[in-house]
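Visitor: No sequence on hand, only this structure:
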């Protein structure tokens, strides 16, 4: 989870990703951020985020993203 938080904080150092739960709804993350996140997640965690997983629910919080990464790691 720490690696994920580092990736997120590089994108938006002013956001508290440990508590923020509305990253998409509050327009904190935009489409460019999501593309960057998908690439970084693939590189750091060795998983592929396919189109079916690119949903607001999966990107609305660091916790949701972490759950997605864990799910993808299990599927690999």
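Guide: On my side now, so go ahead. Keep in mind that what you see is a predicted model, and the values were worked out from it rather than measured. Numbering: from 1, shown residues only.
Visitor: Tell me who's in contact with the closest residue to residue 21 other than its chain neighbours.
Guide: Leaving aside its chain neighbours, residue 21 sits nearest to residue 61 (4.3 Å; criterion: C-beta to C-beta, 6 or more residues apart in numbering). C-beta: built from backbone N, CA, C; applies to glycine. Residue 61 is in contact with 17, 20, 21, 22, 23, counting by C-beta atoms under 8 Å, 6 or more residues apart in numbering.
Visitor: And residue 66, by the same measure?
Guide: 1, 4.
Visitor: tell me the mean pLDDT for the helix or strand encompassing it?
Guide: Assigned by DSSP states H and E, residue 66 falls within helix 62-75. The pLDDT scores in helix 62-75 average 97.
Visitor: Just the buried positions in that helix, please.
Guide: By neighbour count on 16 or more other C-beta atoms under 10 Å, the buried set for helix 62-75 is 62, 64, 65, 68, 69, 72.
Visitor: likewise stretch 34-48?
Guide: 34, 37, 38, 40, 41, 45, 47.
Visitor: Can you give me the pLDDT of the last one?
Guide: Looking back up the chat, that one is residue 47. So residue 47 comes in at 98 (pLDDT).
Visitor: And what about it, helix, strand or coil?
Guide: What DSSP: H, G, I helix; E, B strand; the rest coil gives for residue 47 is coil.
Visitor: who's in contact with it?
Guide: Applying C-beta under 8 Å, 6+ apart, the residues near residue 47 are 41, 69, 72, 73, 76.
Visitor: Of those residues, which is the nearest to residue 4?
Guide: residue 69 (6.8 Å; C-beta to C-beta).
Visitor: Quick check: the gap between residue 12 and residue 1.
Guide: Distance, residue 12 to residue 1, by C-beta to C-beta, to the nearest Å: 17 Å.
Visitor: To clarify, my last question referred to residue 9.
Guide: Counting by C-beta to C-beta - residue 9 and residue 1 are separated by 12 Å.
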